[in-house]
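Sequence first, then the predicted structure:
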Amino acid sequence: MDDLYREIIIERYKKPSHRGRLDPHDIQFADNNPLCGDHIEITLRTAADGTIEDARFEGHGCAISQASADLLLDSVIGKPLEDVKRLNKQDVLDLLGIELGPVRLKCALLSLKVLKAGAYGLGEASDELVE
Amino acid sequence: MSLDLNNTRKDFPALQRETSAGVPLVYLDSTATSQKPLAVIEAMNDFYRHSNANIHRGVHTLAEEATALYEGAREKIAAFINAPSARQIIYTRNTTESINLVAHTWARANLKAGERILLTEMEHHSNLVPWQILQAERGVELDFIPVTEDGLLDLDAYKTLLGRTPKLVAFTQMSNVLGTINPAAEMIRLAHQAGAIALVDGAQSVPHFRADVQALDADFLAFSAHKMCGPTGVGVLYGKEDLLESMPPFLGGGDMIKEVKLRSFKPNSLPYKFEAGTPAIAEAVGFGVAVDYLTEVGMDRIAAHEHEITEYALERLEEIPGVKLFGPSADKKGGVAAFTLEGVHPHDVAQILDRDGIAVRAGHHCAQPLHEKFGIPATSRASFYLYNTKAEVDLLVNGIYKVKELFG
Ligand SMILES: Cc1ncc(COP(=O)(O)O)c(C=O)c1O
């Protein structure tokens, strides 16, 4: 019955592995979910060959939004930045291992939206990034 | 005499349901919208089954019936808030539209650049943004009565701010987050003394305690049917007759005119001047029945019942370690308990409570500046109406303990 609050989500929420801010960094991007006030900032550093050396997130919000940010960074560190551009909604849901309704989906996808907007070097994040 | 809760609850079909097998609904979100009694649902149903027609323009039986029902509801609503006349009851879509109507008509006709509007820090976005739009468009200036740590309006600061001679004071009679009941009659008296008119946002007050526009001496009062046992899609702007008469019309179109030429029109008389196009007829009929229902139960009894539940809820919630309540003590507030739980985001609180059928709201409740003032992005909010019980408060408290356990 605790589908939405699987242990991994509560654990990551309480003890994230990638919380913080990288300085210096190569990419920085932040966005809010205006409905809930969830906020995520991601900073990341890339190596000369384009792999993601390290990444951190700062922010506040519900367990879903914060845990998905932590799990997402977990999955992309050490991978080519180019790969990030191909990530989608289902990838995040697979990381979380849950199904989500439309409201909470926005919480879960905020970090992917921020990460992709950063990877593409966009001025503004749009929902189309995570369709 | 106190409420017969068992009977009251039976009047609301939605309260009989379960949210999942074996989990009855515990509805603690009436501040967002109330549940509807069967009488209201059936009245709207009946309207569509028997009397459906467009109003005012027809002479056939159904048009006559529909018009009589629609205008009858207006009479009932006028009596409910003790308006001198039903001409002063303008149907709108909701509180938000009522406030926007004043911003579009009265304010545009009466306010010049540099003139001031006095608001408060506890306003719902619907009593902020219309004035911000006017500020950007017309260069009017906005001032704000501060909210104290206890969630009350700082009335000394109010008196000082009146010294800046605002033309309009617009404030909520009851905060939808803090629950604070503001001393509206006194505030209006002071506003008038300073030469301002007063608009009262009654979205939360009219549903919960006896409203009397004449005793208040309010110039405008805005409220929504859906928060007071009525349907969505219909609300009211009450206004003093001379003000309404002097205001230019709002939307243009059918019904709001007396006469139309190719290049000109004459506006209709009150209240039709502000009601362009086919309105929410069935909803207005339902609104009238909602007002009958509340009157029959008795507004004083409803207020007393809510006070008892709120007092109990605050007491129980306060006992929970990690819970922080916002707003004043029970004697100064209506049936709202906004809180945070240490270490858990309000959305998670609401989502976990939902598994036990407990409906509370989480977020900034359309009062972002107020949350910023208290340094928090969001709260969880439980709210109470005539049908809520102490047993439901106990379920809420147990639910919060479960949240704590999960996040422990
Ligand atoms: C104090 C207050 N004002 C205005 C409103 C807006 O009401 P509506 O959405 O019905 O226009 C609300 C609704 O939550 C409210 O609580």
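It's in.

going forward, measure contacts and count neighbours with C-alpha atoms only.
Will do.

Residue numbers of chain A in contact with chain B?
Among all residues of chain A, those adjacent to chain B (criterion: C-alpha under 8 Å from any C-alpha of the partner chain) are A:Ile10, A:Leu35, A:Cys36, A:Gly37, A:Gly61, A:Cys62, A:Ala63.

The first one contacts B:Lys404, doesn't it?
No. Assessed by C-alpha atoms under 8 Å, A:Ile10 is found out of contact with B:Lys404, at 11.7 Å.

what's near enough to touch whatever residue of chain A ends up closest to chain B?
The shortest separation between chain A and chain B is 4.8 Å, found at A:Cys62 (distances taken as C-alpha to the nearest C-alpha). By C-alpha atoms under 8 Å, 6 or more residues apart in numbering or on different chains, the contact set of A:Cys62 is A:Asp38, A:Cys107, B:Val344, B:His345, B:Pro346, B:His347, B:Asp348.

Swap in 6 Å and give it another go.
By C-alpha atoms under 6 Å, 6 or more residues apart in numbering or on different chains, the residues touching A:Cys62 are B:His345, B:His347, B:Asp348.

Excluding covalently adjacent residues, which one is nearest to it?
B:His345 (4.8 Å; C-alpha to C-alpha, 6 or more residues apart in numbering or on different chains).

Neighbours of the one you found, how many?
By the criterion of other C-alpha atoms under 10 Å in any protein chain shown, B:His345 has 23 neighbours.

before we move on, back to that, buried ones among the residues of chain A next to chain B?
Using 16 or more other C-alpha atoms under 10 Å in any protein chain shown as the burial test, the residues of chain A next to chain B include A:Ile10, A:Cys36, A:Gly37, A:Gly61, A:Cys62, A:Ala63 as buried.

helix or strand right after the strand or helix carrying B:Glu245?
B:Glu245 belongs to helix B:241-246 when assigned by DSSP states H and E. Read in the C-terminal direction, the helix or strand following helix B:241-246 is strand B:257-260, with elements assigned using DSSP H and E.

helices or strands up against that following strand?
Other helices and strands packing on strand B:257-260, by 3 or more C-alpha pairs under 6 Å, 6 or more residues apart in numbering or on different chains; DSSP states H and E, are strand B:265-267.

Now do the buried residues in the following helix or strand past the strand it packs on.
Tracing the chain C-terminally past strand B:265-267 and defining elements by DSSP H and E, one meets helix B:281-297 next. Of all the residues in helix B:281-297, those buried under the rule 16+ other C-alpha under 10 Å are B:281-295, B:297.

anything in helix B:281-297 near the ligand?
No. Helix B:281-297 lies apart from the ligand when judged by C-alpha under 6 Å from any ligand atom; the minimum separation is 13.1 Å.

so how far is that helix off the chain centroid?
In terms of C-alpha atoms, centre = their mean, to the nearest Å, the centre of helix B:281-297 is set 15 Å apart from its chain centre.

can you list contacts of that helix?
With contacts defined as C-alpha under 6 Å, 6+ apart, helix B:281-297 is touched by B:Val40, B:Ala43, B:Met44, B:Tyr70, B:Ala73, B:Lys76, B:Ala225, B:Cys229, B:Gly230, B:Pro231.

again, only this time at 7 Å
B:39-40, B:43-44, B:47, B:69-70, B:73, B:76-77, B:80, B:225, B:228-231, B:233-234 (C-alpha atoms under 7 Å, 6 or more residues apart in numbering or on different chains).

do stretch B:145-156 as well
B:Leu119, B:Thr120, B:Glu121, B:Met122, B:Ala157, B:Tyr158, B:Leu178, B:Thr180, B:Gly327, B:Pro328.

With respect to the ligand, which of those is nearest?
Within the set of the contacts of stretch B:145-156, B:Met122 lies nearest the ligand; the separation is 8.6 Å, counting by C-alpha to the nearest ligand atom.

Provide the backbone phi and psi angles at that closest one.
With angles defined as degrees, to the nearest 10, B:Met122 shows backbone torsions of phi -100, psi 20.

burial count for the residue lying closest to it once chain neighbours are set aside?
In space, B:Met122 comes closest to B:Leu370 once its chain neighbours are excluded; the distance is 5.4 Å by C-alpha to C-alpha, 6+ apart. By the measure other C-alpha under 10 Å, the count of residues near B:Leu370 is 24.

Could you double-check that B:Leu370 sits in contact with B:Glu121?
Yes. Counting by C-alpha atoms under 7 Å, B:Leu370 does reach B:Glu121; the two are 6.0 Å apart.

what helix or strand is the residue nearest the centre of chain A on?
If you average the C-alpha coordinates of chain A and look for the closest C-alpha using C-alpha atoms, centre = their mean, you land on A:Ser111, 2.7 Å from that point. A:Ser111 is part of helix A:102-120, with elements assigned from DSSP H and E.

and the gap between B:Gly363 and chain A?
In this structure, B:Gly363 and chain A are 5 Å apart, going by C-alpha to the nearest C-alpha, to the nearest Å.

That residue contacts B:Ala382, correct?
No. The pair B:Gly363 and B:Ala382 fails to qualify as a contact (C-alpha under 7 Å) at a distance of 11.8 Å.
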